[in-house]
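Enquirer: starting from these lines, generate the structure:
(2 chains)
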Protein chains: 2
Amino acid sequence: MAQITLKDIAKALNLSPSTVSRAMRDHPAISKKTRKIVKDYAEAHKYKPNRLALQLRTNKNNTIGVIVPEIVHYFFSTVLDGIQQETESEGYNLLISHSNEDYEREVKCVETLLDARVCGILVSQSKTTVKYDHFQEILDNNVHLLFFDRICTGINTDKVVVDDYAGAFTAVEYLIESGCRNIAFLGSVPSMPISNNRRMGYEDALRKHKIAIDKKLIEVCDTVELAKKVIPEMLKLDPVPDAFFCINDEVAAYCIQIAKSLGFMVPEEVSVCGFTNSYITEVTYPRLTSVDQYGVEMGKVAARLLINRIEGREKKEGVVSRVIKTELVVKESTKPVQSIAQRY
Amino acid sequence: MAQITLKDIAKALNLSPSTVSRAMRDHPAISKKTRKIVKDYAEAHKYKPNRLALQLRTNKNNTIGVIVPEIVHYFFSTVLDGIQQETESEGYNLLISHSNEDYEREVKCVETLLDARVCGILVSQSKTTVKYDHFQEILDNNVHLLFFDRICTGINTDKVVVDDYAGAFTAVEYLIESGCRNIAFLGSVPSMPISNNRRMGYEDALRKHKIAIDKKLIEVCDTVELAKKVIPEMLKLDPVPDAFFCINDEVAAYCIQIAKSLGFMVPEEVSVCGFTNSYITEVTYPRLTSVDQYGVEMGKVAARLLINRIEGREKKEGVVSRVIKTELVVKESTKPVQSIAQRY
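Expert: Numbering: from 1, shown residues only, chains lettered A, B, ... in the order given. This next block holds a predicted model:
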């Protein structure tokens, strides 16, 4: 007869695997009654946990793992920098795992970090992730979990996010006040809260200024490859967009280049605004206006909160949410704000 | 009395810790006589290896570690991409560790990856590393080690490098053939072989074309911070440099921006060439000429060689060295090559 597993017990008792796992470990969140039912069932069916895996995973070290969706991305690099500064000053080691925006790879990342016996994991979710079992597994292994930037709405745990709504609202309102009326929104897939929140900020800024929302001006365009396809098409619209609010600086930098190559003057005819305020903003021509999202600060706040959980210094029982403020950094790819007299 | 350690034995017997470690493990490279001396001494002084550490480190998993000096660097991101493609297709997991160009952190990276029980480590050395004990420790733990791009000359192990000499020679010869005569070399610290090899390529190209080497035109300038200081000073020289050959695209992109802000026309008065051919080259104005060093290819070759060692498919007993070719990609920040008639 095959060995019975945690999942078999869960199925037989109509409980979740995480409840069974926690019951076996006498977790205080599980009632004494449930713990007894689970343990009796396990004993009766000769349940044996995977000893070596258990030993290795129980014997945690002072290493923190982080899962990032994109490593070439300037924003995530700065967040990693902040995380590393904080873990180092607190005496923790850091291991980085890269999901490359791929769900299957993200599942592997979790397994690899758990096998490396980390005591906590910081995650920014991949674009393609729609199932959350692997994140639940982190918690089931008694490893602390925190989401940053791209949070997983399916798991109830600590999180640190950027104030995407306010960042987008401020940037789009600036574009309106500089005289733009046909403002395109280049966003990401709808399953990403960061993209939705920015779109809400975009739409609310238009509404406030009584500008109709035009679906033709809203596109998924979050990579250089998509930029090369989507932006030339949008520049054929009538009326032509007079501004692009982009989800990241890479897309925005290409947007400047593409608009110029098609004969548009930037910013006089087409304004461009990015998001991140990375060093690219200094080397585009004209220099790129962008929303700074303080990646280093986000990394520090996220790592500090996770370490406080690990060391029991953060006592709050429920979820802790921190919000990092943004700032619009105006450079040369947008027009100056006009005075009221000029505007109307 | 405190426990005696491996290092104590090494000191007492006037041997290196790695020799002692290998002698204790009956490594064939250590003579039987030395093995006996070490073991007798260890027994007489009641030496006890750290059992748990030993057990954990012996029980390796199918994870490969990689140590990179800079994570925001486009080149290393592309190498990581190549490494990940290869490890994934071979069924290995990947953990990334970031030394941030810091020797102490690099030592920590090694310890963290060994504690994570990786079976092989790929390293690109930090700029500030001058001691090599931590790399020797990797080998002493029977973990495979390979250097890529920035190799450690003090450790004799497999390596994959870029053909930096040829890349630099070709680029500088191109600049000469386009009419430049006062070509500046913005390099890195002299302890880095990649920088020295490029400087040799630079100097040999000048020599071939009978242009005197001018020390004032050679500077350490490998970061954006240094670029902002060094380039404006060099543009005050008399005669002013008519070309900059830069160690990376970030410095080159700033070089374009700085030269233009000081009133120089790029490329008519000042040509600029980068190294990497990252996506920044497409968003600078004018677009940046650069030497492509095929990072993805380097990552794949490095990971494949390491995995072949782990699986015993690479039989060569000595060191295996692989060289990745480069290619000059001419864009708009350099002048076209003149015909012979125009040149003289």
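Enquirer: domain boundaries for chain A, per the record?
Expert: Split into domains by automatic domain parsing, chain A comes to A:6-49, A:61-161+A:295-324, A:164-292+A:328-343.
Enquirer: need the ones you listed in a markdown table (columns: mean neighbour count, distance to residue B:74 and mean pLDDT).
Expert: Where C-beta positions appear, they are placed from N, C-alpha and C, glycine not excepted. Shown next, in a markdown table, are those (neighbours: other CB atoms under 10 Å in any protein chain shown; distance: least, CB to CB, whole Å; pLDDT from 0 to 100):
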| stretch | mean neighbour count | distance to residue B:74 | mean pLDDT |
| --- | --- | --- | --- |
| domain A:6-49 | 15 | 40 | 82 |
| domain A:61-161+A:295-324 | 21 | 6 | 92 |
| domain A:164-292+A:328-343 | 20 | 11 | 94 |
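Enquirer: and these as TSV, adding distance to residue B:236?
Expert: Formatted as TSV, the domains of chain A follow (distance: least, CB to CB, whole Å):
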stretch	distance to residue B:236
domain A:6-49	66
domain A:61-161+A:295-324	32
domain A:164-292+A:328-343	22
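Enquirer: turn the ones you listed into a markdown table, columns for distance to chain B.
Expert: Shown next, in a markdown table, are the domains of chain A (distance: least, CB to the nearest CB, whole Å):
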| stretch | distance to chain B |
| --- | --- |
| domain A:6-49 | 17 |
| domain A:61-161+A:295-324 | 4 |
| domain A:164-292+A:328-343 | 3 |
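Enquirer: between those, which one is closest to residue B:296.
Expert: Judged by CB to CB, the one of the domains of chain A that comes nearest to residue B:296 is domain A:61-161+A:295-324, at 11.2 Å.
Enquirer: how far off centre is that closest one?
Expert: 10 Å (CA atoms, centre = their mean, to the nearest Å).
Enquirer: measure that domain end to end?
Expert: 30 Å (CA to CA, to the nearest Å).
Enquirer: same thing with stretch A:181-194?
Expert: Using CA to CA, the two ends of stretch A:181-194 sit 24 Å apart.
Enquirer: so how far is that stretch from its chain's centroid?
Expert: 15 Å.
Enquirer: among the domains of chain A, which comes closest to residue B:233?
Expert: That would be domain A:164-292+A:328-343 among these, by CB to CB, at 19.1 Å.
Enquirer: quick check: phi and psi at residue A:12.
Expert: When read as degrees, to the nearest 10, the backbone of residue A:12 gives phi -60, psi -40.
Enquirer: now it. Nearest residue, chain neighbours left out?
Expert: residue A:41 (6.6 Å; CB to CB, 6 or more residues apart in numbering or on different chains).
Enquirer: in three-state terms, how would that neighbour be classified?
Expert: Assigned with DSSP: H, G, I helix; E, B strand; the rest coil, residue A:41 falls in the helix class.
Enquirer: for it, which residues are in contact?
Expert: Applying CB atoms under 8 Å, 6 or more residues apart in numbering or on different chains, we find residue A:41 in contact with A:9, A:12, A:13, A:47.
Enquirer: hmm, the last one is touching residue A:9, no?
Expert: Read that as residue A:47. Yes - applying CB atoms under 8 Å as the test, residue A:47 and residue A:9 come out as touching, 6.4 Å apart.
Enquirer: how deep is residue A:4 tucked in, by neighbour count?
Expert: 16 (other CB atoms under 10 Å in any protein chain shown).
Enquirer: check for me that it belongs to a helix.
Expert: No - with three-state DSSP as the criterion, residue A:4 is coil rather than part of a helix.
Enquirer: helices and strands around the strand or helix carrying residue A:169, which ones?
Expert: Assigning secondary structure by DSSP states H and E places residue A:169 in helix A:164-177. Applying 3 or more CB pairs under 8 Å, 6 or more residues apart in numbering or on different chains; DSSP states H and E, we find helix A:164-177 packed against strand A:183-187, helix A:193-208, strand A:243-246, strand A:271-276, strand A:289-292, strand A:327-329.
Enquirer: quote the end-to-end distance of stretch A:82-95.
Expert: 14 Å.
Enquirer: now the helices for chain A?
Expert: A:6-13, A:17-24, A:32-44, A:51-58, A:74-89, A:103-115, A:133-140, A:164-177, A:193-208, A:224-234, A:249-261, A:280-283, A:295-310, A:340-343 (DSSP state H).
Enquirer: on that earlier part again, tell me the one of the contacts of residue A:41 nearest residue A:261?
Expert: Out of the contacts of residue A:41, the member with the shortest distance to residue A:261 (by CB to CB) is residue A:9, at 62.6 Å.
Enquirer: next up, the contacts around the closest one.
Expert: So residue A:9 contacts A:15, A:20, A:38, A:41, A:42, A:45, A:47 (CB under 8 Å, 6+ apart).
Enquirer: ok, and the closest non-adjacent residue to it?
Expert: residue A:20 (5.0 Å).
Enquirer: show me the contacts for that neighbour.
Expert: Taking CB under 8 Å, 6+ apart as the definition, contacts of residue A:20 comprise A:6, A:9, A:10, A:13, A:38.
Enquirer: now the two most distant members of those residues.
Expert: Counting by CB to CB, the most remote pair of the contacts of residue A:20 is A:6 and A:13, 10.9 Å apart.
Enquirer: tell me the bridge partners for residue A:65.
Expert: residue A:95, residue A:121 (DSSP bridges).
Enquirer: let me redo that: residue A:147
Expert: residue A:123, residue A:159.
Enquirer: which residues are in contact with residue A:230?
Expert: A:186, A:219, A:220, A:221 are the contacts of residue A:230 under CB under 8 Å, 6+ apart.
Enquirer: nope, residue A:183 is what I meant
Expert: A:172, A:175, A:176, A:202, A:206, A:211, A:217, A:241, A:242, A:243, A:244, A:245.
Enquirer: distance check, the first one against residue A:243.
Expert: Using CB to CB, to the nearest Å, one gets 8 Å for the distance from residue A:172 to residue A:243.
Enquirer: next one: residue A:30
Expert: 54 Å.
Enquirer: could you do residue A:318 as well?
Expert: Distance, residue A:318 to residue A:243, by CB to CB: 41 Å.
Enquirer: same deal with residue A:155?
Expert: When residue A:155 is compared with residue A:243 (using CB to CB), they lie 37 Å apart.
Enquirer: repeat for residue A:203
Expert: Distance from residue A:203 to residue A:243, by CB to CB: 15 Å.
Enquirer: ends of stretch A:254-270, how far apart?
Expert: 13 Å.
Enquirer: now that stretch, how far from the chain's geometric center?
Expert: Counting by CA atoms, centre = their mean, stretch A:254-270 comes out at 30 Å from the chain centroid.
Enquirer: how about residues contacting that stretch?
Expert: With CB under 8 Å, 6+ apart, stretch A:254-270 has contacts from A:178, A:186, A:224, A:227-228, A:231-232, A:235, A:240-244, A:246, A:272, A:284-286, A:288, A:332-335, B:282-283, B:285.
Enquirer: cool, and stretch A:137-144?
Expert: A:17-18, A:21-22, A:25, A:57, A:60, A:110, A:114, A:118-121, A:145, A:155, A:157, A:306, A:309-310.
Enquirer: right, and the domains of chain A - which one's nearest residue B:73?
Expert: The nearest among these, by CB to CB, is domain A:61-161+A:295-324 at 8.7 Å.
Enquirer: pull the most distant pair out of the contacts of residue A:41.
Expert: A:13 and A:47 (11.8 Å).
Enquirer: so what's the residue nearest to the spatial centre of chain A up against?
Expert: Nearest residue to the geometric centre of chain A (CA atoms, centre = their mean): residue A:150, 1.7 Å. Each residue near residue A:150 by CB under 8 Å, 6+ apart is listed here: A:69, A:124, A:125, A:126, A:127, A:192, A:193, A:194.
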